[in-house]
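Engineer: kindly generate the corresponding structure for this input.
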Amino acid sequence: MSSLVSGAVNFRDVGGLPAGAGRTREGVLFRSGNLVAVDDDGIDTLRAIGLRRVIDLRDESELAVDPSRLDDLPVEVQHEPLFLGSVASFFARDLSLEQLYIEIADASADRVVAAVRGILVDQPVLVHCTIGKDRTGVTVGIALAAAGVDAEAVVADYARTEGLLPAGRNARVLSAIRALHPENVHAEDLATRSPARAMRALLAHLDGTYGSAAGYLRAHGMTDAEIDRLREVLVE
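Structural biologist: Numbering: from 1, shown residues only. As a prediction, this is how the structure comes out:
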């Protein structure tokens with residue numbers, strides 16, 4: 001069964017990633033961009049996947065403009081907005097992706113933990129934001145690393161996003177940012193790229209500050225039992 005959902009950008013299964021002697025389970029954790037343009041075929045695919053939970057990392061203003069299309073799917077939707085302040089503020093401050101990801105992890109730790117706990121509640125589960133790059137990248141990256149997925153496999157899964165973003169969408173977003181912030185150094189990275197170095201920097205920050213991604217989750221309230229359960233859920 002294809003995990004590509006018609007109308008959803010960057011939708012994929014994170015199954016099959018190496019995790020020590022094991023691999024991540026297929027059909028358990030999915031990631032994507034928003035679900036506003038999902039069509040009838042996409043709804044059929046989501047139904048076939050058996051999706052039970054959607055963890056939406058967008059803020060209220062994004063939800064209002066681009067509501068998810070889920071029709072009558074029997075899913076629980078969990079909202080955990082990960083940006084403190086607006087999306088626009090990150091462009092205004094011209095943060096690098098490395099700075100952005102570390103800031104999301106540090107400033108929104110309680111919500112990252114709530115999202116990872118959501119993965120434990122129901123599966124199959126989808127984690128998504130607007131394009132499935134930054135907020136989704138941070139959340140899924142932390143969950144995978146904490147479950148024992150090899151660091152370079154976490155990095156590679158994150159880096160795949162760049163090749164899955166529609167060129168027309170990239171051009172429109174970049175043009176809009178450049179119109180507002182013509183001097184920005186990081187606009188193209190923020191809008192269109194998922195370079196391996198950005199995820200490596202996040203994982204290095206977690207290792208340096210908390211000992212590991214699991215240590216980060218533990219420091220913000222997750223129990224050893226929950227982290228063990230995360231490994232059981234995600235890795236076979």
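Engineer: quick one: low-confidence parts of the chain?
Structural biologist: Residue ranges of the chain with pLDDT under 70: 1-3, 84-88.
Engineer: show me where it has its strands.
Structural biologist: Using DSSP state E, the strands of the chain run over 12-13, 18-19, 22-23, 29-32, 53-56, 76-79, 125-128.
Engineer: now the ones you listed as CSV including mean neighbour count?
Structural biologist: Every residue, glycine included, has its C-beta placed from N, CA and C. Below are those laid out as CSV (neighbours: other CB atoms under 10 Å):
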stretch, mean neighbour count
strand 12-13, 19
strand 18-19, 18
strand 22-23, 16
strand 29-32, 25
strand 53-56, 23
strand 76-79, 15
strand 125-128, 26
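Engineer: tell me which of those sits nearest to Ala171.
Structural biologist: Across the strands of the chain, Ala171 has its closest neighbour in strand 29-32 (20.8 Å, CB to CB).
Engineer: could you dump the strands of the chain into JSON lines with distance to Arg135 added?
Structural biologist: JSON lines is the format used below for the strands of the chain (distance: least, CB to CB, whole Å):
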{"stretch": "strand 12-13", "distance to Arg135": "16"}
{"stretch": "strand 18-19", "distance to Arg135": "23"}
{"stretch": "strand 22-23", "distance to Arg135": "25"}
{"stretch": "strand 29-32", "distance to Arg135": "10"}
{"stretch": "strand 53-56", "distance to Arg135": "10"}
{"stretch": "strand 76-79", "distance to Arg135": "12"}
{"stretch": "strand 125-128", "distance to Arg135": "9"}
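Engineer: my read is that Leu82 contacts Cys129, right?
Structural biologist: Yes - using CB atoms under 8 Å, Leu82 is in contact with Cys129, at 7.3 Å.
Engineer: quick check, central residue of this protein?
Structural biologist: By CA atoms, centre = their mean, the mean C-alpha position of the chain lies nearest to Thr136, the distance being 1.2 Å.
Engineer: now the end-to-end length of stretch 62-75.
Structural biologist: End-to-end distance for stretch 62-75: 20 Å, by CA to CA, to the nearest Å.
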